[in-house]
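[1] need a structure here:
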Amino acid sequence: MDDQDAESMSHEELLGHTRDLRDKLKPHASQWREMGLEVEPFLEDCERLIAFLEGRSEAWVDVAGFIEKLTAFTNETRAYCDLQRQAERVNAVASIPSVLDAVEDLARRLSDPDDARSAAALQAAVEAARQRIARGEVPVEEMADLSLSTHAQAGELRRRSQFRAAALALFWESRPPEWWAGRTAKERKEIGELLVSWRAEREKILGELPLADRRRLEALRPEDFDKPGALEP
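    Have a look, this model is predicted:
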């Protein structure tokens with residue numbers, strides 16, 4: 001809003017715009033202050049102008065001077081936001097190497113034979129991203145692809161972990177008295193504590209598994225646990 005706008009603006013329009021500006025800035029004043037930008041002095045100017053325009057104060061307010069302050073404040077906040085965005089971009093780029101290391105570690109931990117292609121794809125994407133960084137480029141597309149792949153793989157690892165934990169707990173629950181008699185007192189105590197935790201979380205764990213996994217687990221009979229692969233997802 002420049003001087004010409006201020007001159008053509010009616011009394012009520014200026015009052016409305018100033019109120020709106022104050023109401024939008026005020027809730028975030030402390031947040032701006034914590035980030036190093038003082039908002040309170042400008043809010044005080046807004047309050048003085050509003051009081052003058054509403055007839056609650058006879059103290060003259062230089063509207064043109066207020067517009068200059070508004071322009072300066074707008075420029076300051078815009079420059080500050082630009083610096084913040086630049087800092088965020090720098091921090092994001094600086095964090096990429098550690099993200100690539102984490103993805104590479106995930107690829108190494110994909111031990112299931114079915115994951116061989118996924119692991120190879122992750123390794124290739126990591127290498128491509130590192131090459132772009134070496135050329136001074138930001139690997140935006142590669143990082144987006146890696147994010148999707150790692151989320152999918154992390155979800156799959158979690159599924160397998162939950163399946164194995166549930167299958168093992170069901171195995172313990174299915175054991176006959178003679179099996180428990182063959183365990184040491186320490187083993188019985190430790191397994192008993194794990195079963196208490198399992199029973200408290202049973203529905204949550206089973207509910208997070210795909211329906212096919214849950215049905216397979218719930219269909220297991222005591223004799224099924226002796227079959228090869230019964231505890232594997």
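[2] tell me the SS of the residue of the chain positioned farthest from its centre?
    For the chain, the residue at maximal distance from the C-alpha centroid (Cα atoms, centre = their mean) is Glu58, at 51.4 Å. What DSSP: H, G, I helix; E, B strand; the rest coil gives for Glu58 is coil.
[3] Distance check, it against Val39.
    Distance, Glu58 to Val39, by Cβ to Cβ, to the nearest Å: 27 Å. (Glycine included, C-beta is placed from N, CA and C.)
[4] now Ile191
    Ile191 is 60 Å from Val39, by Cβ to Cβ.
[5] What of Ala102?
    39 Å.
[6] cool, Arg214 as well?
    Applying Cβ to Cβ to Arg214 and Val39 gives a distance of 54 Å.
[7] Arg215 too?
    For Arg215, the distance to Val39 - Cβ to Cβ - is 58 Å.
[8] now swap in Glu218 and tell me
    59 Å.
[9] Also Gly16?
    20 Å.
[10] So if I had to pick from these two, which one is more boxed in?
    The residue with more neighbours, out of Gly16 and Val39, is Val39; 18 against 13, by other Cβ atoms under 10 Å.
[11] Give the full set of residues in contact with the more buried one.
    Val39 makes contact with Leu25, His28, Ala29, Trp32, Arg33 under the criterion Cβ atoms under 8 Å, 6 or more residues apart in numbering.
[12] quick one, helices of the chain?
    Ranges of helices within the chain are 3-8, 11-25, 29-34, 40-53, 63-109, 116-134, 140-174, 177-181, 185-208, 211-218, based on DSSP state H.
[13] wait, which of those helices is closest to Asp226?
    Asp226 lies closest, by Cβ to Cβ, to one member of the helices of the chain: helix 140-174, at 9.9 Å.
[14] Could I get the buried residue list for the closest one?
    Residues of helix 140-174 classed as buried by neighbour count (16 or more other Cβ atoms under 10 Å): 142-143, 145-146, 149-150, 153, 156, 162-163, 165-167, 169-172.
[15] Cheers, nothing more for now.
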